[in-house]
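Chemist: Predicted model, plus sequence, below.
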2 protein chains.
Amino acid sequence: MDSHRPTPTAALGELRGLLRRRLDTSPAVLDLHGRDESPFAPRRPDAVAFVHSTDEVAAVLRICSEHRLPVVPFGAGSSVDGHVLPTRGGLSLDLTGMDRILEVDADDLIVRVEAGVRRVALGERLGREGLLFGVDPGADATLGGMAATGASGTLALRYGSMRENVLGLTAVLADGRVIRTGAATRKSSAGYDLTRLLVGSEGTLAVITELTLKIHGIPERIAAAACSFSSLAQGVAAAVAIVGSGIPLARCEFLDAAAIRAVDARFGTHSPERPTLFFEFHGSPASVAADAAAAEAIAPLHGGDDFRWSLDQAERDRLWRARHEVLFASLATRPDCRALSTDVCVPRSRLAECVAAAESLLVGAPFPFVIIGHLGDGNFHAILLIDPEEPSEVAAAEGAAERLTEIAIGFGGTSSGERGIGLGKWALVREVGIEGVVVMRSIKRALDPLGILNPDKIFAADGGRDGPDGLRV
Amino acid sequence: MDSHRPTPTAALGELRGLLRRRLDTSPAVLDLHGRDESPFAPRRPDAVAFVHSTDEVAAVLRICSEHRLPVVPFGAGSSVDGHVLPTRGGLSLDLTGMDRILEVDADDLIVRVEAGVRRVALGERLGREGLLFGVDPGADATLGGMAATGASGTLALRYGSMRENVLGLTAVLADGRVIRTGAATRKSSAGYDLTRLLVGSEGTLAVITELTLKIHGIPERIAAAACSFSSLAQGVAAAVAIVGSGIPLARCEFLDAAAIRAVDARFGTHSPERPTLFFEFHGSPASVAADAAAAEAIAPLHGGDDFRWSLDQAERDRLWRARHEVLFASLATRPDCRALSTDVCVPRSRLAECVAAAESLLVGAPFPFVIIGHLGDGNFHAILLIDPEEPSEVAAAEGAAERLTEIAIGFGGTSSGERGIGLGKWALVREVGIEGVVVMRSIKRALDPLGILNPDKIFAADGGRDGPDGLRV
């Protein structure tokens, strides 16, 4: 692709004519848009475009298309998988200026937002009206980024992931055409499901500029609880038993002892330094009391002997903020480290085996690690805290991550429960097979024939290899 | 396309070599595969292939691809929108022989089935193990057909439609390549969501041969109730109020007085001949009692004064069987009529307006009609019982259906809540716009470049027009 592309000077000149001072090539801004929270090496874009509207995105993409300039959509920059890295230079398209909440419809439980709105800001606005949005990844990500990666979070057990919560999109194709997908209804069977094709497409098929999202009323009663265990295996067994019993949990989160220590250090709290499950129950006062009592009765059967309540909202908020910040708290435990983090998801019946496999793969590793998980969904993360300058650590971490992902796929699971593929492409072909990747590539070519949209993400840009070895860019 | 296609003789010869007596060209079989429950004119295929495995489907498609022979997947033949009509002849690919339930996993709440398994058979098998599948369209459709059309049913309010309940697929592409999509997990973000792209693609992108589906435990307590009203508007208002109150209903179905009469006539029952809401509540004994009492308290505020319980399972089964058979009961009220049926779905806040618009469009029509709905989802059907030999009736019915669909789209709704587009293509472009249809077409071309898979469904085969007028084949 690079060989066909003229030097970006002409393209940047046209973009400057369109955006004026909102086309930025200052080194600090290029640096900020050339890295994320992943362990991959930074790479500056040629320029950053700060856009304000769908029409402006369309105009930018027409110019980029004409000049074959790569375009990487950029939101919070919180990807841990390299999604926003401009591997081939080009334009970083910063959508954070599109941060308007366009409509809150409490009757139909729908909200319309621009792609740059962040989840915490949306949550605060909805909370004032007694409403909530059910997807809460760890980072304060943009809704556009969350849709692009198919994000989920601690509440997916009850409310689903972005795949279930995005009802419709406005998106701009590589050549600047604008499409509107979906409807403001609970169901639709009108033609191909372009909404769900774009959710999880990681900016490779179109740039999402507006979203229509499903929201919920804040339940009448919310209760949270924590319970600790003397081993990882006990905690996982308790989670599997409680979720498997059919108790309708809203959240069922797991932190191992190292994660608890990291969070305590960051927030100055003092929790039992043992593997811990955190629960949340949503419903009527009667149903929450019954559900929580049922969970409290099961936990001791698996060694959980300190079931603790957090009924107070401030305490609950502290608890979930701590949970959301585990990644940053863990990074803070080792100076200058980076996180290589897996995202496997397996059927619930294989969860105990898979977590045990992760533990035995990592015990004795030459780097610290934490294991945390959305256990109710069968999804957990092993966060490997590596020194990126130490090749032996990097190699050991990559080896362990690959092995764990292979094990999960062997259990009927997936390499990515909620974060997408990004630059970690090697696993995809093992999961969906060569034919699956070939079909995805053919869709990519149909929608972005010049290959300008977020090249190298999900699969190698054209010319790369799809075989089970040598898959990295 | 037709001009490039050699006469099917050679293709049929090769197919006969592969399938022997399971390639059928007898007139009775061709007739059976040349019609469905839609008002569209029958059209025979050139032959019918009765296939037994994914490999066999792949071999058939390789032959059809080589000879550019159109292929129309065929299941129960219960489409009301022309999905299985071989508009250009070719092969009807009958999957009903692939009717094995491959695996029931009660731990992970997953079932794997071949595409020809029918929903009633699946429900009976799961019921013996205390499990249920949550999608129940009116017809005893095949699971493959239900996935292909993105079907829903009376339980979608609680369990979602096929889009939420299909976790993975095995599918055969036009050229015979086999892909496996999805994972046996609750979440996945691994690459493009090919599962949801194929769900609702109406056999135009691939032939679905196996499905992995989400299932549920049968709730501890189930209660059903009915309540009648003196007007359509009252019944709709009651449904909107009850669903909007947040009571977690499993079902909320509406039948107008004409539908009640039709069902009574078919089943020999004697119900109040008034617009009627049917509810079902799933949960624990305590939650069901609380939810049902809350609904019973709201109904009288909208004129519902005869709230009646159906606690007995046999009575409940009768009730829902009657609901599922409304279409056939209605057809039986007028000799030799066909049903032209709309499938609009709107945001709940616009439901009352939209149903009222349907009623006023149809009052005084030169044909009988019934209005029924999955009101909890905002989805309802106006079933127009027309004499297909009477051009003035057909024209009046088509005009009313188009007008109603336009109204629904104007309310932010969709032309198809659960049945897909089929041959009723005129509405799609009004809903998703020219650019949306162009994107869908480009995906179609990427996956089926020869255009052999179910041509003319969703949009006109290549060469047709996408403009807002003249859209019919």
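Modeler: On my side now, so go ahead. Given the structure is predicted, the values throughout are model-derived calculations rather than measurements. Residues are numbered from 1 along each chain as shown, chains lettered A, B, ... in the order given.
Chemist: contacts, neighbours, all on C-alpha from now
Modeler: Fine.
Chemist: List the buried residues in stretch A:316-329.
Modeler: A:316, A:319-320, A:322-329 (16 or more other CA atoms under 10 Å in any protein chain shown).
Chemist: Assign A:Leu340 to helix, strand or coil.
Modeler: At A:Leu340 the chain is in strand, as set by DSSP: H, G, I helix; E, B strand; the rest coil.
Chemist: Now for it, how many residues are close by?
Modeler: As a burial measure, A:Leu340 scores 23 neighbours (other CA atoms under 10 Å in any protein chain shown).
Chemist: any idea how far it lies from chain B?
Modeler: As for A:Leu340, its distance to chain B is 17 Å (criterion: CA to the nearest CA, to the nearest Å).
Chemist: Let me know the pLDDT of that residue.
Modeler: Per-residue pLDDT puts A:Leu340 at 93.
Chemist: so it makes contact with A:Asp387?
Modeler: No - between A:Leu340 and A:Asp387 there is no contact under CA atoms under 8 Å: 10.1 Å.
Chemist: Adding distance to chain B, write the buried residues of stretch A:316-329 out as a markdown table.
Modeler: Shown next, in a markdown table, are those (distance: CA to the nearest CA, whole Å):
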| residue | distance to chain B |
| --- | --- |
| A:Arg316 | 24 |
| A:Leu319 | 24 |
| A:Trp320 | 21 |
| A:Ala322 | 24 |
| A:Arg323 | 20 |
| A:His324 | 19 |
| A:Glu325 | 22 |
| A:Val326 | 21 |
| A:Leu327 | 20 |
| A:Phe328 | 23 |
| A:Ala329 | 25 |
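Chemist: Distance to B:Ala224 for those - can I get that in TSV?
Modeler: Below are the buried residues of stretch A:316-329 laid out as TSV (distance: CA to CA, whole Å):
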residue	distance to B:Ala224
A:Arg316	37
A:Leu319	40
A:Trp320	39
A:Ala322	44
A:Arg323	41
A:His324	42
A:Glu325	45
A:Val326	46
A:Leu327	48
A:Phe328	50
A:Ala329	51
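Chemist: Please, where are all the strands along the stretch 1-150 of chain A?
Modeler: Counting by DSSP state E, counting those that start in this stretch, the stretch 1-150 of chain A has strands at residues A:23-24, A:47-50, A:71-74, A:91-94, A:101-105, A:110-114, A:131-132.
Chemist: The fifth one vs strand A:110-114, what angle?
Modeler: Meaning strand A:101-105. Strand A:101-105 and strand A:110-114 are oriented at 180 degrees to each other (axes from the mean of the first three to the mean of the last three CA atoms, to 10 degrees).
Chemist: helices and strands of chain A: which one has the lowest mean pLDDT?
Modeler: strand A:308-310 (a mean of 85; mean pLDDT, DSSP states H and E).
Chemist: packing partners for it?
Modeler: Applying 3 or more CA pairs under 8 Å, 6 or more residues apart in numbering or on different chains; DSSP states H and E, we find strand A:308-310 packed against strand A:221-228.
Chemist: who's in contact with the strand it packs on?
Modeler: A:235, A:272, A:274-285, A:288, A:292, A:299, A:304-311, A:316 (CA atoms under 8 Å, 6 or more residues apart in numbering or on different chains).
Chemist: Which of those residues are buried? Put it as a PyMOL command.
Modeler: To isolate the buried members of these in PyMOL, using 16+ other CA under 10 Å:
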select buried, chain A and resi 235+274+275+276+277+278+279+280+281+282+283+288+292+299+304+307+309+310+316
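Chemist: isn't A:Arg22 right up against A:His52?
Modeler: No - counting by CA under 8 Å, A:Arg22 stays clear of A:His52, with 9.5 Å between them.
Chemist: which of these two has more neighbours?
Modeler: A:His52 (19 against 15).
Chemist: wait, the more buried one sits on A:Met98?
Modeler: Yes - using CA under 8 Å, A:His52 makes contact with A:Met98 at a distance of 5.3 Å.
Chemist: Mind checking which of the contacts of strand A:221-228 land in strands?
Modeler: A:276-283, A:308-310 (DSSP state E).
Chemist: what about A:Thr12, neighbour count?
Modeler: One correction, residue A:12 is Leu, not Thr. 24.
Chemist: List the residues that contact it.
Modeler: Applying CA under 8 Å, 6+ apart to A:Leu12 gives the contacts A:Ala47.
Chemist: how near is it to A:Leu361?
Modeler: Separation of A:Leu12 from A:Leu361 (CA to CA, to the nearest Å): 48 Å.
Chemist: likewise A:Gln313?
Modeler: Distance from A:Gln313 to A:Leu361, by CA to CA: 38 Å.
Chemist: which one of those two has more residues nearby?
Modeler: Neighbours per residue, other CA under 10 Å: of A:Gln313 and A:Leu361, the larger number sits with A:Leu361, 16 against 12.
Chemist: Reduced to three states, what does the more buried one come out as?
Modeler: Per three-state DSSP, A:Leu361 ends up helix.
Chemist: ok, it to A:Phe367 distance?
Modeler: A:Leu361 is 12 Å from A:Phe367, by CA to CA.
Chemist: what sits against A:Ala49?
Modeler: Residues near A:Ala49 by CA under 8 Å, 6+ apart: A:19, A:22-24, A:91-94.
Chemist: again, only this time at 7 Å
Modeler: Taking CA atoms under 7 Å, 6 or more residues apart in numbering or on different chains, we find A:Ala49 in contact with A:22-24, A:91-94.
Chemist: hey, what's it bridged with?
Modeler: A:Leu23, A:Leu93 (DSSP bridges).
Chemist: what residues are up against A:Gly235?
Modeler: A:229, A:275-277.
Chemist: whoops, A:His374 was the one
Modeler: With CA under 7 Å, 6+ apart, A:His374 has these contacts: A:154, A:252-254, A:380.
Chemist: Considering the contacts of A:Ala49, which possesses the most neighbours?
Modeler: In those, the most neighbours by other CA under 10 Å go to A:Leu91, 34 neighbours.
Chemist: So that one versus B:Pro275, what's the distance?
Modeler: 59 Å.
Chemist: thinking again about what came up before, pull the residues that contact the least confident helix or strand of chain A.
Modeler: Here strand A:308-310 has contacts from A:223-227, A:316, using CA under 7 Å, 6+ apart.
Chemist: Of these, select the buried ones using a PyMOL command.
Modeler: Selection of the buried residues among the contacts of strand A:308-310 in PyMOL, burial being defined by 16+ other CA under 10 Å:
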select buried, chain A and resi 223+224+225+226+227+316
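Chemist: Can I get the contacts of strand A:308-310 in JSON lines including distance to B:Gly217 and pLDDT?
Modeler: As requested, the contacts of strand A:308-310 are exported to JSON lines (distance: CA to CA, whole Å; pLDDT from 0 to 100):
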{"residue": "A:Ala223", "distance to B:Gly217": "25", "pLDDT": "93"}
{"residue": "A:Ala224", "distance to B:Gly217": "25", "pLDDT": "94"}
{"residue": "A:Ala225", "distance to B:Gly217": "26", "pLDDT": "94"}
{"residue": "A:Ala226", "distance to B:Gly217": "27", "pLDDT": "94"}
{"residue": "A:Cys227", "distance to B:Gly217": "27", "pLDDT": "96"}
{"residue": "A:Arg316", "distance to B:Gly217": "31", "pLDDT": "89"}
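Chemist: Any chance of the contacts of strand A:308-310 in CSV with distance to A:Ile409 as columns?
Modeler: As requested, those are exported to CSV (distance: CA to CA, whole Å):
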residue, distance to A:Ile409
A:Ala223, 35
A:Ala224, 32
A:Ala225, 32
A:Ala226, 30
A:Cys227, 30
A:Arg316, 35
